[in-house]
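Colleague: everything below, folded, please.
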Amino acid sequence: MKTIEIDGWKIQLLVDDDGMLEVCVSNHDDSGVIATDTDKWGDNEWGERFTTEEIEKEHIATLG
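Modeller: Below you'll find the model as predicted:
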């Protein structure tokens with residue numbers, strides 16, 4: 001996992017075992033991050049997962 005902190009924002013980046021990129025964003029003011037169509041990991045965090053068609057195809061093949 002990589003963590004970046006800039007001007008009160010904290011961004012955590014992780015590539016999971018399936019090859020998906022996970023991004024988590026929070027702010028020091030603890031009032032919560034607002035975004036649309038997201039996976040919420042905690043009361044005051046925003047999280048999103050990214051993948052590609054190729055990663056999904058390979059993942060499905062391993063489930064096979």
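
Colleague: now Lys10: closest residue in space that isn't a chain neighbour?
Modeller: Ser26 (5.0 Å; C-beta to C-beta, 6 or more residues apart in numbering). To be clear about C-beta, it is placed using only N, CA and C from the backbone, and glycine gets the same treatment.

Colleague: which strand or helix spans Glu5?
Modeller: strand 2-6 (DSSP states H and E).

Colleague: can you give me the strands in the chain?
Modeller: 2-6, 9-15, 21-27, 39-42, 45-50 (DSSP state E).

Colleague: nearest to Glu56, of those?
Modeller: Closest to Glu56 of the strands of the chain, according to C-beta to C-beta: strand 45-50, at 11.3 Å.

Colleague: what residue ranges in the protein score low on pLDDT?
Modeller: Low-confidence segments of the chain, defined by pLDDT under 70: 34-40, 46-52.

Colleague: mind putting the strands of the chain into JSON lines with mean neighbour count and distance to Gly64?
Modeller: Output for the strands of the chain, formatted as JSON lines (neighbours: other C-beta atoms under 10 Å; distance: least, C-beta to C-beta, whole Å):
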{"stretch": "strand 2-6", "mean neighbour count": "9", "distance to Gly64": "32"}
{"stretch": "strand 9-15", "mean neighbour count": "13", "distance to Gly64": "22"}
{"stretch": "strand 21-27", "mean neighbour count": "16", "distance to Gly64": "24"}
{"stretch": "strand 39-42", "mean neighbour count": "12", "distance to Gly64": "26"}
{"stretch": "strand 45-50", "mean neighbour count": "15", "distance to Gly64": "22"}
